[in-house]
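[1] Here you go, sequence then predicted model.
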Amino acid sequence: MKRRARVMSSLFNLMLAETRAVTWRYTMVQSGIRILNNAICGPAGLPGSQALIYHLQEELMKTFSLVALILLLCSCSTPHRDSKQTVKQFYTSWMTTFTNDLDTRDDSNALMQHYVAKEVIHRLTLIQSLYEQEIVEADYFMYAQDYAPEWIPQLRVGQPHPFLGGEKVDVQLGTESTPIHLEVYTRWEEGRWKIYRVRDADNGYEQPIYDAGVITRAEAWSAKIAPAYKKH
């Protein structure tokens, strides 16, 4: 990060110097053209003056091209850090929270706010408020109902791959003898990578939190049986 900052500072200083040079050259070129055409050259011009004008204009274009290149380098030198580290941090913290008997509600909410897309948080909150919902039957992010502390050091996170404007990251949970392979999808949101989708890669299955029909039916069933629950 410090090296990137130094590179950015050098590029910015170079761009600033070249911008000043552009302004000066532009002024001199325009003045030179007016002088050559009006004061020195006269109506008929002088031999070689046209070549000098072309030379000045060519120098100006080279300077503009250099500034454009610097701007391009600046834009390329500060890409979004890939989402591998974000995914690794999330799963390490998520498993730690639930295996250490911490205040899981507050801690999990804080983790989700930081690492999970708002749409997913909204959908999971809605689904979990429904009576007898069968949309999410296991932890959405792990596709497991139970996990152990020994899973944490054995977490494996692969290299991200571009996917629909975001990235897809392969994750392995569990142990070497009983691994769980997941596909974790991320997108850039609120200045950081956030998880918006998780699939069970082993079984080719995804808990249907994005299925509008499934959610509508679950809401209808929940409303139907709600009076019975509210009696107790």
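    Perfect, I can see it now. Numbering: from 1, shown residues only.

[2] quick one: average confidence on stretch 95-114?
    The average pLDDT for stretch 95-114 rounds to 79.

[3] CA atoms only for that stretch - export them in PDB, please.
    Extracted in PDB, the C-alpha atoms of stretch 95-114 (Å, rounded to 0.1, in the frame of the first residue of the first chain):
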ATOM      1  CA  MET A  95     -17.000 -19.200  12.100                       C
ATOM      2  CA  THR A  96     -15.200 -17.600  15.100                       C
ATOM      3  CA  THR A  97     -18.400 -15.800  16.200                       C
ATOM      4  CA  PHE A  98     -20.500 -19.000  16.200                       C
ATOM      5  CA  THR A  99     -18.000 -21.400  17.600                       C
ATOM      6  CA  ASN A 100     -16.800 -19.200  20.500                       C
ATOM      7  CA  ASP A 101     -20.300 -18.700  22.000                       C
ATOM      8  CA  LEU A 102     -20.100 -15.000  21.500                       C
ATOM      9  CA  ASP A 103     -23.100 -12.600  21.400                       C
ATOM     10  CA  THR A 104     -24.000 -14.100  18.000                       C
ATOM     11  CA  ARG A 105     -26.900 -11.800  17.300                       C
ATOM     12  CA  ASP A 106     -25.000  -8.500  17.600                       C
ATOM     13  CA  ASP A 107     -21.700  -9.800  16.200                       C
ATOM     14  CA  SER A 108     -23.300 -11.500  13.200                       C
ATOM     15  CA  ASN A 109     -25.300  -8.300  12.400                       C
ATOM     16  CA  ALA A 110     -22.100  -6.300  12.500                       C
ATOM     17  CA  LEU A 111     -20.300  -8.800  10.300                       C
ATOM     18  CA  MET A 112     -23.100  -8.800   7.800                       C
ATOM     19  CA  GLN A 113     -23.300  -5.000   7.600                       C
ATOM     20  CA  HIS A 114     -19.600  -4.900   6.800                       C
END
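
[4] Please work out which residues outside it touch it.
    Residues from elsewhere that reach stretch 95-114 (CB atoms under 8 Å, 6 or more residues apart in numbering): 90, 93-94, 120-121, 142, 147-149, 151-152, 155, 173, 192. Heads up, the C-betas are built off the backbone N, CA and C, glycines and all.

[5] Pick out the lowest-pLDDT one from those residues.
    residue 147 (84).

[6] pretty sure that one is touching residue 178, no?
    No: counting by CB atoms under 8 Å, residue 147 stays clear of residue 178, with 11.1 Å between them.

[7] Scan the contacts of stretch 95-114 and report the most crowded one.
    residue 90 (24 neighbours; other CB atoms under 10 Å).

[8] Which of the three states applies to that residue?
    helix (DSSP: H, G, I helix; E, B strand; the rest coil).

[9] which two in the contacts of stretch 95-114 are spaced the farthest apart?
    Distance extremes for the contacts of stretch 95-114: the farthest pair is 148 and 192 at 29.2 Å, using CB to CB.

[10] Help me confirm that residue 177 is found in a strand?
    No: assigned with three-state DSSP, residue 177 falls outside any strand and is coil.
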